[in-house]
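**Q** let's see this in three dimensions:
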Amino acid sequence: MLHTKIVDTKKEKILTSNAEKFIKDSKFGASIHFLGTVRNINDNKTVTGITYDSHDEMVIKSFEEIYNETDQKLNIKDKAVFIEHAKGHLKLGEISIIIAVACKHRDQAYVLSRYIIEEIKKRSPIWKKEHYENEDSAWLKGNPINNEKV
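**A** As a prediction, this is how the structure comes out:
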């Protein structure tokens, strides 16, 4: 079971309640919610917000590929995964990404959640521009898009 979405921050927000509803199932004994939020300091600079941009179609495809890989790489076949990432401007403390997973056992849930976020950071075409206290801003260096399977 998989849900993926790019959330346009001009129209809506990422809601943890949506993730909770999606992964809730009595066949699963463990669930984990990972929230990425905008923090106030990065590289010793005071951050006031972040603007995210993405290649939406490629991002969704990367989320699906990562999910599908977990069957083989992690041997976790019975699972529920909810992934949403923001696109647009976010203020301090707002949610930029949510990854909610549910599995039969807690060790599977921890491994699955960690694998998904690490692979998204490496492979998904999502860019972020930090906005700073002095009204400067900068696009952060990311990882090049890698079409090879990891």
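**Q** contacts, neighbours, all on C-alpha from now
**A** OK.
**Q** and the residue nearest the centre of the chain, which of the three is it?
**A** In the chain, the centroid-proximal residue (Cα atoms, centre = their mean) is Ile97; its distance is 3.9 Å. Applying DSSP: H, G, I helix; E, B strand; the rest coil to Ile97 yields a three-state assignment of strand.
**Q** which residues touch it?
**A** Residues in contact with Ile97, defined by Cα atoms under 8 Å, 6 or more residues apart in numbering, are 14, 34-37, 83-86.
**Q** partner strands of the lowest-mean-pLDDT helix or strand in the chain, with direction?
**A** Of all helical and strand segments in the chain, the minimum by mean pLDDT, DSSP states H and E falls on strand 137-139, at a mean of 81. Strand pairing for strand 137-139, using DSSP bridges, gives strand 126-132 (antiparallel).
**Q** and the strand it pairs with, how far from the chain's centre?
**A** The chain centroid and the centroid of strand 126-132 are separated by 15 Å under Cα atoms, centre = their mean, to the nearest Å.
**Q** equivalent analysis for stretch 98-110, please.
**A** Once both centres are worked out by Cα atoms, centre = their mean, stretch 98-110 turns out to sit 14 Å from its chain's centre.
**Q** which residues are contacting it?
**A** For stretch 98-110, the surrounding residues in contact (Cα under 8 Å, 6+ apart) are 14, 16, 19-20, 23-24, 27-36, 76, 78-85, 112-113, 116-117.
**Q** in it, which residues are buried?
**A** Counting neighbours by 16 or more other Cα atoms under 10 Å, one finds that the buried residues in stretch 98-110 are 98-104, 108-110.
**Q** swap in stretch 109-123?
**A** For stretch 109-123, burial by neighbour count (16+ other Cα under 10 Å) applies to 109-110, 112-113, 115-117, 119, 123.
**Q** turn the residues you listed into TSV, columns for pLDDT and secondary structure.
**A** Rendered in TSV, the data for these read as follows (pLDDT from 0 to 100; DSSP: H, G, I helix; E, B strand; the rest coil):
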residue	pLDDT	secondary structure
Ala109	97	helix
Tyr110	97	helix
Leu112	97	helix
Ser113	97	helix
Tyr115	98	helix
Ile116	97	helix
Ile117	97	helix
Glu119	96	helix
Arg123	93	helix
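**Q** mind picking the two most distant members of those residues?
**A** Greatest spacing in the buried residues of stretch 109-123, by Cα to Cα: Ala109 and Arg123 (21.0 Å).
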